[in-house]
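Chemist: heads up, no residue letters with this:
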């Protein structure tokens, strides 16, 4: 029955997709520009094809599609090694990898065992693990989905893992300081005995806070970010490559976690706590902001004149357009984008 219920959301999404139009960018690539224009008009201006915002985005898409038309879709190897793609691939794959090594699998897959380690056993552990924790995660994830453009990408990816790391370190400290860890010969596991109920409650509370922070910061951002950093001709294979990293690491950690929790016990939380704080540092150094920018405009984040260390590039760290002209400026924005792309290509060829 539980597995059957999980089919319902998938069926609803599948049914809705039947009635959704094709992407304007895909239509442009397949020489169906009139249909692309109508899709943009329906999206932005209630069907008005002459609206400035519609015409401007239409022109931006045209510029980038024509710019990339002579470039075939890269191979998977090219995405990894070619100069024009490898940084984008590293960002997309890296973010998917980092999402999984936050330690979220400890909570999601082995929640009952984790709560038992804090002194909660039996029905109480199952209720805390599968009920309250899942509900809090769901609410937090919805908030991120709705407010993603308001928060941006960098801030949640910097602040979130830092808070998650602090939660993990506090949980570990509660377990080693108040849990009286001992090795049970019968179960062959490290177990805890929280004589201090308040300390056990504190450990559980910080586990909840960890899941809330994960849901509100890094849960869905990797899936959005990977679609934003790749150019149109590489987006399909690029997202497939980065998604494969997520599931590979997910699979590996799912196999390893029982052993890690048995042998490492509270030490595992310290390890993941430090990893989370390290993730925040990596994002601060290398990940550009992609929020409130058109997909075409994002190509300008990866031109040769921009530093690899993103924190040195003030413009790349902020939300908003990289162009002086906005979508409401009509063809001016598209012309500026075309000039920037051509100039960066010329500079790259000289180098």
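Modeler: Here it is on my side, so go on. As the structure is a prediction and not an experimental result, all values here were calculated from the model.
Chemist: Spatially central residue in the chain, please.
Modeler: The C-alpha lying nearest the average C-alpha coordinate of the chain belongs to residue 222 (C-alpha atoms, centre = their mean; 1.5 Å).
Chemist: can I assume that one is in contact with residue 100?
Modeler: No: the criterion here is C-beta atoms under 8 Å, and residue 222 misses it with residue 100 at 9.2 Å. In this view, the C-beta of every residue, glycine as well, is placed from N, C-alpha and C.
Chemist: thinking again about what came up before, give me every residue that touches the residue nearest to the centre of the chain.
Modeler: Applying C-beta atoms under 8 Å, 6 or more residues apart in numbering to residue 222 gives the contacts 92, 95-96, 98-99, 242, 246.
Chemist: Mind telling me what element it is part of?
Modeler: In this assignment (DSSP states H and E), residue 222 forms part of helix 221-229.
Chemist: Show me what counts as buried in whichever helix or strand comes after that helix.
Modeler: Counting by DSSP H and E, the next helix or strand C-terminal to helix 221-229 is helix 235-264. By 16 or more other C-beta atoms under 10 Å, the buried positions in helix 235-264 come out as 235, 237-239, 241-243, 245-246, 249-250, 253, 257, 260-261.
Chemist: Other residues contacting the very next helix or strand once past helix 235-264?
Modeler: Counting by DSSP H and E, the next helix or strand C-terminal to helix 235-264 is helix 266-286. Applying C-beta under 8 Å, 6+ apart, the external contacts of helix 266-286 come out as 91, 94, 98, 101-103, 106, 117, 154, 157-162, 164-169, 171-172, 175-176, 179, 181, 190, 260-261, 264, 308-311.
Chemist: any idea which element the residue nearest to the residue nearest to the centre of the chain when sequence neighbours are not counted lies in?
Modeler: Of all residues not flanking residue 222 in the chain, residue 95 sits nearest, at 4.4 Å (C-beta to C-beta, 6 or more residues apart in numbering). Element membership of residue 95, judged by DSSP H and E, is helix 83-100.
Chemist: Can you list the helices and strands that that helix packs against?
Modeler: helix 76-81, helix 221-229, helix 235-264, helix 266-286 (3 or more C-beta pairs under 8 Å, 6 or more residues apart in numbering; DSSP states H and E).
Chemist: and residue 50, that one's in a helix?
Modeler: No: under DSSP: H, G, I helix; E, B strand; the rest coil, residue 50 falls outside any helix and is assigned coil.
Chemist: Could you report the neighbour count for it?
Modeler: A count of neighbours around residue 50, defined by other C-beta atoms under 10 Å, yields 9.
Chemist: out of the buried residues of helix 235-264, who's nearest residue 12?
Modeler: Using C-beta to C-beta, residue 243 comes nearest to residue 12 of these, at 21.8 Å.
Chemist: so the closest one touches residue 95, yeah?
Modeler: No: using C-beta under 8 Å, residue 243 is not in contact with residue 95, being 11.1 Å away.
Chemist: shared neighbours of the two, which are they?
Modeler: Counting by C-beta under 8 Å, 6+ apart, the contacts common to residue 243 and residue 95 are residue 226.
Chemist: which other helices and strands contact the host helix or strand of residue 57?
Modeler: In the assignment (DSSP H and E), residue 57 maps to helix 52-69. Where contact means 3+ C-beta pairs under 8 Å, 6+ apart, helix 52-69 is packed against helix 24-29, helix 33-44, helix 331-350.
Chemist: my guess is residue 139 meets residue 208, correct?
Modeler: No: assessed by C-beta under 8 Å, residue 139 is found out of contact with residue 208, at 11.5 Å.
Chemist: Going by mean pLDDT, which of the helices and strands packed on helix 52-69 comes out lowest?
Modeler: Across the helices and strands packed on helix 52-69, the stretch with the lowest average pLDDT is helix 331-350; it has a mean of 55.
Chemist: what about residue 240, distance to residue 100?
Modeler: Between residue 240 and residue 100 the computed distance is 17 Å (C-beta to C-beta, to the nearest Å).
Chemist: go on, residue 4?
Modeler: Distance from residue 4 to residue 100, counting by C-beta to C-beta: 27 Å.
Chemist: Make JSON lines out of the helices and strands packed on helix 83-100 and add distance to residue 20 and mean pLDDT.
Modeler: What follows is those, written out as JSON lines (distance: least, C-beta to C-beta, whole Å; pLDDT from 0 to 100):
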{"stretch": "helix 76-81", "distance to residue 20": "27", "mean pLDDT": "92"}
{"stretch": "helix 221-229", "distance to residue 20": "16", "mean pLDDT": "91"}
{"stretch": "helix 235-264", "distance to residue 20": "17", "mean pLDDT": "86"}
{"stretch": "helix 266-286", "distance to residue 20": "32", "mean pLDDT": "93"}
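Chemist: Let me see the contact set for residue 89.
Modeler: Counting by C-beta under 8 Å, 6+ apart, residue 89 makes contact with 79-80, 230, 238, 241-242.
Chemist: closest to residue 315 among the residues you listed?
Modeler: Proximity of these to residue 315 (C-beta to C-beta) peaks at residue 230, which lies at 20.4 Å.
Chemist: Contact partners for the closest residue to the closest one other than its chain neighbours?
Modeler: Of all residues not flanking residue 230 in the chain, residue 238 sits nearest, at 3.8 Å (C-beta to C-beta, 6+ apart). Shown in contact with residue 238 (C-beta under 8 Å, 6+ apart): 79, 85, 88-89, 92, 226, 229-230.
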